[in-house]
Each structure stands twice: as structure tokens, then as C-alpha cells.
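Novice: any chance you could fold what I've pasted below:
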Amino acid sequence: MKLIQLHVGVVQTNCYVFYDENTMEGAVIDPGDNAAAILREIDRAGAKITYILLTHGHFDHILAVHEISEKTGAKLVIHKEDEWLLSYDEMGEFRPYARHYVPTPVDILAEEGTMIQVGGLTAEYLHTPGHTPGSCCIKVEDVLFTGDTMFRHECGRCDLKGGDFSLMLQSLKRLHDLPGDYRVLPGHDSITTLSEERARNPYVRQALGK
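Specialist: Modelled structure (predicted):
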């Protein structure tokens, strides 16, 4: 699996592109803005994007969805409990940052355990609510795309509409309890590992009652 990371939008959201080196089929995770830059990287890699996978529906993860979908024909995937967030009307205080947003119909409403085949790679949706009702982590091989659930030594905020800190703690415990180790690619901040977060993330420790 090949990976590309970009920082996009007003809050420098992490957008990721991953693709299968054999088939060159790929997916974009959380195209939060700057569609032209994302498309340039896709073209440079020679990847064929078949899916746009969203970890959740907040504005800073979705503003480039329409243009990426239009240019690539990729199918849009989001957890069923976050589809409502794709409406401009639900952006509330963030609407001034999203004047160019164009809603895009969802092709697949994911649930816990939904598998998306991207060439020879399988992307698995893990439902990890707390930041939003439909927040998910997406597991591909040894990589965990954690959106705004888990950051390096942090977790996502739970004070926006649909947020729930008690659910966040349950989700963090679930991630802690996953077997093995993973590279953790979050929606903001720097890349980390699950073993690092098990040891040093204070919210994970709180989730464990420590």
C-alpha cells in the first residue's frame, strides 16, 4: 500500500490518499478542502480513485468531496449516523468557512464492520462514536485512520452537536483493546502509533480507569 498525506483547509486537516501498487486503485480519506492539490497528488501518483472514505461529517473533512467525486467518479462512503452532517445547514458556526461547499449524494452508508474493497486492499469501518455519532476509524492493513477520534496524546472534542465524551472514552478503550499495533494516522496533528497512545495518551488512560 502506498500512502500520501496532505494538510488541507483552514484548520490544516490531514487528508490521506492510499492506493494498491498492483492495481493502482485507491481511495481518498477526508478530503477537507483544496481539491486541486489533492487531485494533483493523485495524478502524480497515477492512481485511480474509486472511493472517498469519510471518518465523519464535519466541514473540515468534506469540503472537497464534490470536486473529487466529480473528477474521479469515486463513490462516497460515510457512516449512516453522520449522513445528516453533510448538509450545509448543519454546519452552524462553521458555515462562513464553507461557502463553496456542494453537497454530494452518499453512495454507501457504512455500519460497524463495513468492508470497502480498493483493489487488493480492504478498508474496514470501525464505529467509534464520541466526536460525532457516526465517527469511525478506518483500518487498512497495519494503518488505522482515526479521524477526530484519536490524536497523538489527545482525542477529538466532544462539545459540538452530537458529541458525547462518555462514548469517546468507550471508543478509545476499544482502540486500546485492538490486538497488535497500528500506525495511527489522525485527522489532525502528527502520525503516531497505537502502542504510543496506549502508553501516553491521557484520555486512553482515563478510558481504562487509570
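
Novice: and the host helix or strand of Tyr51, which strands flank it?
Specialist: Here Tyr51, judged by DSSP states H and E, is contained in strand 48-53. Each strand paired with strand 48-53, and its direction, by DSSP bridges: strand 25-29 (parallel), strand 75-79 (parallel).

Novice: what's the following helix or strand after that strand?
Specialist: Counting by DSSP H and E, what follows strand 48-53 is helix 65-72.

Novice: now that following helix: buried residues?
Specialist: Val65, His66, Glu67, Ile68, Ser69, Thr72 (16 or more other Cβ atoms under 10 Å). In short, each C-beta sits where N, CA and C put it, glycine included.

Novice: could you do stretch 95-115 as well?
Specialist: Neighbour-count burial for stretch 95-115 flags Tyr97, Ala98, Tyr101, Thr104, Val106, Ile108, Ala110, Thr114 (criterion: 16+ other Cβ under 10 Å).

Novice: looking at those, spot the one nearest Ile49.
Specialist: Nearest to Ile49, judged by Cβ to Cβ, of the buried residues of stretch 95-115 is Thr104 at 13.9 Å.

Novice: assign Val11 to helix, strand or coil.
Specialist: coil (DSSP: H, G, I helix; E, B strand; the rest coil).

Novice: so it is in contact with His188, correct?
Specialist: Yes - if you go by Cβ atoms under 8 Å, Val11 and His188 touch, sitting 7.0 Å apart.

Novice: Gly187 versus the most centrally placed residue in the chain, what's the distance?
Specialist: The geometric centre of the chain, computed from its C-alpha atoms, lies nearest to Thr55 (Cα atoms, centre = their mean), at 3.0 Å. Note on Thr55: its distance to Gly187, by Cβ to Cβ, to the nearest Å, is 6 Å.

Novice: what touches both of these two?
Specialist: Counting by Cβ atoms under 8 Å, 6 or more residues apart in numbering, the common neighbours of Thr55 and Gly187 are Asp30, His61, Thr146, Gly147, Asp148.

Novice: and those residues, which two are the farthest apart?
Specialist: Applying Cβ to Cβ across the shared contacts of Thr55 and Gly187, the maximum distance is between His61 and Thr146, 12.2 Å.

Novice: show me where the protein has its strands.
Specialist: For the chain, strands defined by DSSP state E occupy the ranges 2-8, 13-19, 25-29, 48-53, 75-79, 108-110, 115-118, 121-127, 136-140, 143-147, 150-151, 154-155, 183-186, 192-193.

Novice: so for the second one, mean pLDDT?
Specialist: The average of the pLDDT scores along strand 13-19 is 98.
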